[in-house]
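K.L.:
Whatever this is, show me its structure:
(4 chains)
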There are 2 protein chains.
Amino acid sequence: MAVLAFEIATHAALLRFRAKDGIDSVGIDFWNMKASMKKPKTSDMGSVPDLRVEGDGRPSANVTLTDVARVAGVSPITVSRAINRPDIVSSRTLKQVTQAIERIGYVPNLLAGALRSNRTRLVAAIVPSIGTSMFAEAVEALSDRLSEAGYEVLLGLSGFNQVHEDEILSAALSRKPDAIFLTGIQHSAWARKQLLAARIPVVESWDLTPSPIDMVVGFSHDGSGRAAARHLLSKGYRRFAVIAATDHRALQRRDGFLAELEDQGTKAAVILTHTPGSLELGRNAFAQLLEDGIQPEAVFCTSDPLAQGVIIEGQVRGVSVPGDIAVMGFGDFSFAAHIHPTLSTVRFDRRQIGRIAAEAILAELNGMPSVERIVDIGFTVMEREST
Amino acid sequence: MAVLAFEIATHAALLRFRAKDGIDSVGIDFWNMKASMKKPKTSDMGSVPDLRVEGDGRPSANVTLTDVARVAGVSPITVSRAINRPDIVSSRTLKQVTQAIERIGYVPNLLAGALRSNRTRLVAAIVPSIGTSMFAEAVEALSDRLSEAGYEVLLGLSGFNQVHEDEILSAALSRKPDAIFLTGIQHSAWARKQLLAARIPVVESWDLTPSPIDMVVGFSHDGSGRAAARHLLSKGYRRFAVIAATDHRALQRRDGFLAELEDQGTKAAVILTHTPGSLELGRNAFAQLLEDGIQPEAVFCTSDPLAQGVIIEGQVRGVSVPGDIAVMGFGDFSFAAHIHPTLSTVRFDRRQIGRIAAEAILAELNGMPSVERIVDIGFTVMEREST
DNA sequence: TTGTATGCGTTATCAG
DNA sequence: CTGATAACGCATACAA
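P.N.:
The predicted structure is shown next:
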């Protein structure tokens, strides 16, 4: 008996299927067309096309450029051009291709394109954490700028731990990113080697070094600590305490602070907390300070969350800021102004780091070698005594 | 002249190769070896191998699996297995391969593998923003769990804007992620269609719906607002104000709050701010409230940053919390406890959303269909009157 | 402006 | 446990 042609309606479109026997089927049969036009595989010769029809009746084979080409009546490379360089394709062809894409629901496979072209349009961003908004804003600025330019961000969270950074880096490099954004300037020898071997733009950040792997965007932590000390000294304070987290950069800020004090013949009590500094750690540290009987006139905290904690703990214990004690924080650009009406802070623009890193990466990828390979974004001392 | 065989000792192993012309060349020449052993390309026949030697003298051609195979004296597929399924390779072979990898600095190309296997080990996470730590912690928890399992996160920032979400989604899907994490339950028809067509696990989050695209992990915003209202009512307050951001979920919380009040025969003044709510917006809103002559006993803010702003503005204006006015926030799990000693809040665990989403994704990818496709992580009312 | 032939580096499949 | 072969989907090089 003759095989019947039937139509199956789906929520998306009408698909016509042809039954096997060369029968008089009607209309377009995109899927069978696709299968039947493939070069015969030795193992497939004359067998049933592999349509792998699934539960809902739709085939699961991927829609490819070639399928679009067939529907549009052009060659695959023309479709590729219509997508990537629409300007060099005739408007008529472009329209046909666009319609075909729409019609069969084509989603380009960047994997394949990247493999062939050796350009992934992917930038890996490796930061310790994004939970505390410390690095998150930089990543956000980076991503915003890069996505404008058609790049996407592969996120790697290294968690303040160098072994883990190496693992994350290894995983990231296997994706063949076009560029990479790193936090800090301290990386394992292995990491440096891999980074160099990858031969892609590398931006280190948050700190400065005269010898970056490739480029560096950051500011001086020693300088920040010193600036905090000078500020407090200039306000007339003479008895100090420092509450510092224990990561490399926080310790540099502490050391800068202490060094500046020492230059002025002064010292400070130091309390260390874990990294990253948090409000809770700040509270605890300040509580400890008071319980140790230390009575500073001013406390420098290596990060704003620690400073917030000091202020909160002060409120709870009836210590007023800055009446009884001055508190100086570090880090936040737009937020610090509001943490507490009287909190002074050394601030830098987190987003600027991401922004500049993105520009540097794009410049390098576009073959305009950036003039500056070392960018100091600086910092400013922000004083607030009242609102 | 006869072709000679040489044995050369290296720091890692013995490499055997034959010099081409009977020349007495000594030393390892991995790269020429590589080139000379390639199948001749038509265009390359007899010509100089394309080594593109660069400044440092090293060729820039990629080191591939095949190179490793050659050095290890096995077939490429064996190298692949040694990397991906070391358990099914003999320990002797494994060792050879490992050494070869180390020796020539091989970095696997996941692009190629993904293309062939149709598995990218990539999960796309699309959130409005990570700058405010709102979604950042969820993404962090997601990433932490996924990277344990060998997956990486492609970050997409949609910026509270649906058009942009579609663009980001489109870009993400072109990377063929194995799964996708989305924020919210409101997506364009186009987005839903693409997501369905991708046939990958999809987790929507932060909200609940009886009809998720695939899975959803979140909590009730209406319920949160109602809970806040009940809490404040139970404390005896009767005159209310609400400061709300204008995104979908914040408005649901506001509506829940108002609905609960209405059930009790009460009302509230409402002030709207932009999204996302920030400390600064909270300050401004509260200032406006006071200047409008509104004298609430309690203010419900749809997010904690707004509540912080209210508290700060209150401090500046000499309004004490909760002496003069009670403030209730929303959102933060671990942080809210410290914002202000007297701030009450409706809290939920951001990290839990990421964690559960990751587990759901992994379960689905490993073929164990998760029992729960709708996960309500709930929320709790946190009351703090003093520390 | 469009098309043809080829290969990117890996893994699925099947064979030993 | 190991290997030969082909294919994933696209973009480069060159030709028309």
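
K.L.:
Show me where the stretch 151-300 of chain A has its strands.
P.N.:
Using DSSP state E, counting those that start in this stretch, the strands of the stretch 151-300 of chain A run over A:152-157, A:179-182, A:202-205, A:215-218, A:240-244, A:268-272, A:298-301.

K.L.:
Can you say which of these is packed in most?
P.N.:
When the strands of the stretch 151-300 of chain A are scored by mean count of other CB atoms under 10 Å in any protein chain shown, the highest mean neighbour count falls to strand A:298-301 (a mean of 30). Backbone N, C-alpha and C define where each C-beta goes, glycine included.

K.L.:
list the helices and strands whichever helix or strand comes after it packs on?
P.N.:
The first helix or strand that comes after strand A:298-301 along the chain, using DSSP states H and E, is helix A:304-317. With contacts taken as 3 or more CB pairs under 8 Å, 6 or more residues apart in numbering or on different chains; DSSP states H and E, helix A:304-317 sits against helix A:279-291, strand A:298-301, strand A:326-331, helix A:336-339, helix B:336-339.

K.L.:
and the second one, C-alpha only, in CSV?
P.N.:
Taking only C-alpha atoms (Å, rounded to 0.1, in the frame of the first residue of the first chain), the coordinates of strand A:298-301 have been written out as CSV:
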residue,chain,number,x,y,z
ALA,A,298,42.2,56.2,65.5
VAL,A,299,41.8,52.8,63.9
PHE,A,300,42.9,52.0,60.4
CYS,A,301,41.1,49.0,58.8
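
K.L.:
Return the residues of the stretch 151-300 of chain A in contact with chain B.
P.N.:
When proximity is defined as CB under 8 Å from any CB of the partner chain, the stretch 151-300 of chain A approaches chain B at A:152-157, A:159, A:168, A:170-176, A:193-194, A:197-199, A:279-280, A:283.

K.L.:
Please pick the buried ones from the residues you listed.
P.N.:
The neighbour-count criterion (16 or more other CB atoms under 10 Å in any protein chain shown) marks A:152-157, A:159, A:168, A:171-176, A:194, A:198, A:279-280, A:283 among those as buried.

K.L.:
quick check: mean pLDDT across stretch A:373-382?
P.N.:
The average pLDDT for stretch A:373-382 rounds to 94.

K.L.:
Between the two ends of it, how far is it?
P.N.:
28 Å (CA to CA, to the nearest Å).

K.L.:
For it, buried residues please.
P.N.:
Buried residues in stretch A:373-382 (16+ other CB under 10 Å): A:375, A:377, A:379, A:381-382.

K.L.:
for it, the distance to its chain's centre please.
P.N.:
21 Å (CA atoms, centre = their mean, to the nearest Å).

K.L.:
So which residues make contact with that stretch?
P.N.:
With contacts defined as CB atoms under 8 Å, 6 or more residues apart in numbering or on different chains, stretch A:373-382 is touched by A:208-210, A:212, A:214-220, A:223-224, A:227-228, A:231, A:336-337, A:344-349, A:352-353, A:356, A:360.

K.L.:
would you list the helices and strands packed on helix A:304-317 in TSV and tack on distance to DNA strand D and mean pLDDT?
P.N.:
Converted to TSV, the helices and strands packed on helix A:304-317 look like this (distance: least, CB to the nearest atom of the strand, whole Å; pLDDT from 0 to 100):
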stretch	distance to DNA strand D	mean pLDDT
helix A:279-291	48	94
strand A:298-301	50	96
strand A:326-331	42	91
helix A:336-339	45	59
helix B:336-339	47	58
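
K.L.:
could I get the ones you listed as CSV with distance to residue A:116?
P.N.:
Output for the helices and strands packed on helix A:304-317, formatted as CSV (distance: least, CB to CB, whole Å):
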stretch, distance to residue A:116
helix A:279-291, 50
strand A:298-301, 52
strand A:326-331, 44
helix A:336-339, 48
helix B:336-339, 51
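
K.L.:
Restricting the selection to alpha carbons, write stretch A:215-225 to CSV.
P.N.:
Written as CSV, here are the backbone C-alpha positions of stretch A:215-225 (Å, rounded to 0.1, in the frame of the first residue of the first chain):
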residue,chain,number,x,y,z
MET,A,215,49.9,44.1,31.5
VAL,A,216,48.9,45.3,34.9
VAL,A,217,46.1,47.6,36.1
GLY,A,218,46.1,48.5,39.7
PHE,A,219,47.4,50.8,42.4
SER,A,220,49.9,51.0,45.2
HIS,A,221,48.9,49.3,48.4
ASP,A,222,51.9,50.5,50.2
GLY,A,223,51.0,54.0,49.1
SER,A,224,47.4,53.5,50.3
GLY,A,225,48.5,52.6,53.7
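
K.L.:
Please compute how far it lies from its chain's middle.
P.N.:
20 Å.

K.L.:
between the buried residues of stretch A:373-382, which is nearest chain B?
P.N.:
residue A:382 (15.0 Å; CB to the nearest CB).

K.L.:
Of all the strands of the stretch 151-300 of chain A, which one is nearest residue B:365?
P.N.:
The closest approach between residue B:365 and any of these, judged by CB to CB, belongs to strand A:152-157 at 18.6 Å.

K.L.:
what residues does the stretch 51-200 of chain A put near DNA strand C?
P.N.:
Within reach of DNA strand C by CB under 7 Å from any atom of the strand, the stretch 51-200 of chain A has these residues: A:74-78, A:81, A:88-90, A:92-93, A:112, A:115-116, A:118.

K.L.:
residues near residue A:290, how many?
P.N.:
17 (other CB atoms under 10 Å in any protein chain shown).

K.L.:
So what sits opposite residue A:122 in the bridge?
P.N.:
residue A:152 (DSSP bridges).

K.L.:
shouldn't it be in contact with residue A:147?
P.N.:
No. The criterion here is CB atoms under 8 Å, and residue A:122 misses it with residue A:147 at 11.3 Å.

K.L.:
so what sits against both of these two?
P.N.:
The contact sets of residue A:122 and residue A:147 overlap at residue A:153 (CB under 8 Å, 6+ apart).
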